[in-house]
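**Q** Compute the structure for the input listed below.
(one chain, ligands or ions: 1)
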Amino acid sequence: MTYQYWNEKFETMSRPELASYQLVQLKKMIGYSLRTPFYAARLKAVGISSPDDIKALSDLKRIPFTTKNDLRSGFPYGFLSINRDDVIRLHASSGTTGIPTTIYFSRDDIKNWTSFVARCIYGTGCNKTDVFQNMITYGLFTGGLGFHAGGEEVGMLVIPSGSGNTTRQFRLMQDFGTTVVHATPSFLLHVEAKMKEEGINRDSLKLKRAFAGAEPYSEDTRRRIEELLNIDVFNSYGLSEMNGPGVAFECQCKNGLHLWEDGYIAEIVNPDTLEPVPDGETGELVLTILCREATPILRYRTRDLTAFYTEPCACGRTHRRIHRITGRSDDMLIINGVNLFPSQIEEVIMAIKEVGNNYLIVVEKEGVLDRLTVKVEVRPDIFMDDSRPLNAIKEKIRKTLQASITINPRVELHESGALPVSEGKAVRVQDSRPKDV
Ligand code: DLL
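**A** Below is the predicted model:
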C-alpha cells in the first residue's frame, strides 16, 4: 500500500527530533500559561516562573494535573492568555453541571487546528476529488466547524449538512455524489437503518469512507458499519479542551489512532494513583496542548481510558498510536458491587448477529438491589410477532452478557427504530438510582 502524508516532515519526524520540537513548543505554552491567573499561581508554586525554568520534557511532571473543574473555575475568561482582541473564535462544551468550559482561538490557533484535521483526513486516503458530507452538529460543538475547515483545507467539496434529518442527508448524498461522511458511530448506524426503511439502494451512492468519533464504539460496531454500508470507517478522537477533533486518528492501516505528538504531549496514568502506567497498559490519557496560544492547558486529565501501542505503525508515521477509547474513568457503573463499563456491554452485543443497530443500558434500584436491563433493537428482518425465535435470541444475549460481565441482566428486545436516537452523542446509559450525597 502507498501511504499519503499531508505534512510528511512532521508526520515522519524521528523520535528525537519530535522530542526537541515538543520541548520548544512546551516552553512557549508555559510562557502563555503564566499569563493566566490560574497557571501563574500553579506554576510559581512548583518553582516555574519563566519558560526557561523548563529545561527538559521531564520537567512537565512537576506541574500538577488540570481537571475539568479547574477549567470551569475560570469561566468565562480565566484561561485566556492573549489579548481579547486577538481572539477570533470560541468553542464551549457544557457537560452535566451546566458551567461550560470555554476554549479561545487566535487566528494562528485556528490555522494549526485546521492543519491537524486536514492531516487526519488526508491520511485516510481522501483528496480534493472527494465530496465530503459533514453529518455532525455545527455550533459550539467542535465536530462541525473543525471537520468543515479540515475538509476545505484538503480541498474536498464540503457539504455542511449538520446532523439529523436522514431523508435530507440521503438526498444530498445522491444529488452531489458524496464520497465521504463524518458522523458519530451511532448516527451512522441510524443512517443505515433508515436507508433500508426508505428503500435507498446502497449501490446508488458513491460512499467510500466515513470518519466516526466523538463517542466510544467497539471494533464490532466499526465492522458492522463497514459491512452494512460497504465503506471504510476511520476512528477519530478528540476533545474540546484540546481543540476538538484532530487529536488522534486512524491512518489507512486502521489499527490504532496516531496521536499527533507535535501538537500534544500524551501521558497515560493510573487514574487512582496518577502514576504513569507501563507502555501498553491501559490508563487515563493526560494531554498537554502544544499548538494553541489563546488557551494553553497543561496536563489535562481527559478521563478517557486507553493504552499506547508499543509497535511502530506500517504507515511510517512516527507518532505513537493509542487504542480505541474503551470508556471513561468516570463512566464506570457499579452494579451490586461489580464494576462495569458500558463499552463492555457494547462489545458483547454488537458481536451478536441478530442484534440491530441501537441499544440502551438501564440501571434501577429494585428494593435494595441494583437491576441492570439491556434494551436491544433486533435486526429489521426479525419479526417481532414470532415469540419462539425471539425468546431464543433474548436468551442468547442474556447468557453471552452474563458470561462476559458476570452480572445477570434483564434483556428486552425492541424492533428496529424503537429506541431513542440522539442527533449528537448517543446516550447509552439511563441510571435512575438515587445518587449518594
Ligand atoms: O467530541 C470532539 C470530537 C468531535 C471528536 C468530532 C471526534 C469527532 P467533546 O464534546 O469535548 O469533543 O467530547 C470529548 O468525547 O473526552 C471522549 O470521552 C469522547 N470521544 C471523542 N472521540 C472519541 C472516540 C468531541 N473516537 C469526549 N472514541 C472525549 C471514544 C471519544 N470516545
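
**Q** So which elements touch the helix or strand harbouring residue 22?
**A** For residue 22, the host element (DSSP states H and E) is helix 15-33. Counting contacts by 3 or more Cβ pairs under 8 Å, 6 or more residues apart in numbering; DSSP states H and E, helix 15-33 is packed against helix 37-45, strand 283-289. Yep, even glycine has a C-beta here, placed from its N, CA and C like the rest.

**Q** What angle do helix 15-33 and the first one make with each other?
**A** Compare the direction of helix 37-45 with that of helix 15-33 by axes from the mean of the first three to the mean of the last three Cα atoms, to 10 degrees and you get 120 degrees.

**Q** Alpha carbons of the helix or strand that comes right after helix 37-45, as PDB, please.
**A** Counting by DSSP H and E, the next helix or strand C-terminal to helix 37-45 is helix 68-73. In PDB, the C-alpha atoms belonging to helix 68-73 read as follows (Å, rounded to 0.1, in the frame of the first residue of the first chain):
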ATOM      1  CA  LYS A  68     -12.400  20.000  34.000                       C
ATOM      2  CA  ASN A  69     -13.500  21.600  37.300                       C
ATOM      3  CA  ASP A  70     -10.300  23.700  37.200                       C
ATOM      4  CA  LEU A  71     -11.300  25.000  33.800                       C
ATOM      5  CA  ARG A  72     -14.800  25.700  35.000                       C
ATOM      6  CA  SER A  73     -13.500  27.700  37.900                       C
END
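
**Q** Is helix 68-73 positioned near the ligand?
**A** No: using Cβ under 6 Å from any ligand atom, helix 68-73 stays clear of the ligand, coming no nearer than 9.6 Å.

**Q** So which elements touch that helix?
**A** strand 101-106.

**Q** now the strand it packs on: how far from the chain's centre is it?
**A** Centroid separation between strand 101-106 and its chain, computed with Cα atoms, centre = their mean, to the nearest Å, is 19 Å.

**Q** counting contacts, what elements does the helix or strand following that strand pack onto?
**A** For strand 101-106, the succeeding helix or strand toward the C-terminus, using DSSP H and E, is helix 107-122. Judged by 3+ Cβ pairs under 8 Å, 6+ apart, helix 107-122 is in contact with strand 87-93, helix 142-154, strand 244-250.

**Q** rerun at 6 Å
**A** Here helix 107-122 touches helix 142-154, strand 244-250, going by 3 or more Cβ pairs under 6 Å, 6 or more residues apart in numbering; DSSP states H and E.

**Q** Tell me if that helix is near the ligand.
**A** No: Helix 107-122 does not reach the ligand (Cβ under 6 Å from any ligand atom); its nearest approach is 9.4 Å.

**Q** How far away from the center of its chain is the next helix or strand after that helix?
**A** Using DSSP H and E, the next helix or strand after helix 107-122 towards the C-terminus is strand 131-134. Put simply, strand 131-134 sits 19 Å off its chain's centre (Cα atoms, centre = their mean).

**Q** Please convert the helices and strands packed on helix 107-122 to a markdown table, extending it with mean pLDDT and distance to the ligand.
**A** Below are those laid out as a markdown table (pLDDT from 0 to 100; distance: least, Cβ to the nearest ligand atom, whole Å):
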| stretch | mean pLDDT | distance to the ligand |
| --- | --- | --- |
| helix 142-154 | 98 | 3 |
| strand 244-250 | 98 | 4 |
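
**Q** Reformat the ones you listed as a markdown table; add distance to residue 31 and mean neighbour count.
**A** Converted to a markdown table, those look like this (distance: least, Cβ to Cβ, whole Å; neighbours: other Cβ atoms under 10 Å):
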| stretch | distance to residue 31 | mean neighbour count |
| --- | --- | --- |
| helix 142-154 | 25 | 24 |
| strand 244-250 | 22 | 28 |
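
**Q** Next, the buried residues of stretch 315-328.
**A** Buried residues in stretch 315-328, counting neighbours by 16 or more other Cβ atoms under 10 Å, are found at 315, 317-328.

**Q** related to what we said a few turns ago, dump the helices and strands packed on helix 15-33 into a markdown table; add distance to residue 241, mean neighbour count and mean pLDDT as well.
**A** Shown next, in a markdown table, are the helices and strands packed on helix 15-33 (distance: least, Cβ to Cβ, whole Å; neighbours: other Cβ atoms under 10 Å; pLDDT from 0 to 100):
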| stretch | distance to residue 241 | mean neighbour count | mean pLDDT |
| --- | --- | --- | --- |
| helix 37-45 | 14 | 15 | 98 |
| strand 283-289 | 8 | 24 | 98 |
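
**Q** nearest to the ligand, of those?
**A** For the helices and strands packed on helix 15-33, the distance to the ligand is smallest for strand 283-289, at 8.4 Å, taking Cβ to the nearest ligand atom.

**Q** Now do the contacts for the residue in the stretch 301-437 of the chain positioned nearest to the ligand.
**A** Per Cβ to the nearest ligand atom, residue 325 is where the stretch 301-437 of the chain lies closest to the ligand, at 3.5 Å. The neighbours of residue 325, taking Cβ atoms under 6 Å, 6 or more residues apart in numbering as the test, are 216, 304, 306.

**Q** How about residue 10, nearest residue that isn't a chain neighbour?
**A** Once flanking residues are discounted, residue 10 sits nearest to residue 262: 5.1 Å by Cβ to Cβ, 6 or more residues apart in numbering.

**Q** one step back: of all the helices and strands packed on helix 107-122, which lies closest to residue 207?
**A** Using Cβ to Cβ as the measure, helix 142-154 is the one of these that comes nearest residue 207, at 15.2 Å.

**Q** Just checking, which helix or strand succeeds the closest one along the chain?
**A** The helix or strand immediately downstream of helix 142-154 is strand 157-159, counting by DSSP H and E.

**Q** Skip ahead from that next one and say which helix or strand is next.
**A** Using DSSP H and E, the helix or strand that follows strand 157-159 in sequence is helix 166-176.

**Q** Put together CSV for the buried residues of stretch 315-328, with pLDDT and secondary structure on each row.
**A** Below are the buried residues of stretch 315-328 laid out as CSV (pLDDT from 0 to 100; DSSP: H, G, I helix; E, B strand; the rest coil):
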residue, pLDDT, secondary structure
315, 98, coil
317, 98, coil
318, 98, coil
319, 98, coil
320, 98, coil
321, 98, strand
322, 98, strand
323, 98, coil
324, 97, coil
325, 96, coil
326, 90, coil
327, 89, strand
328, 91, strand
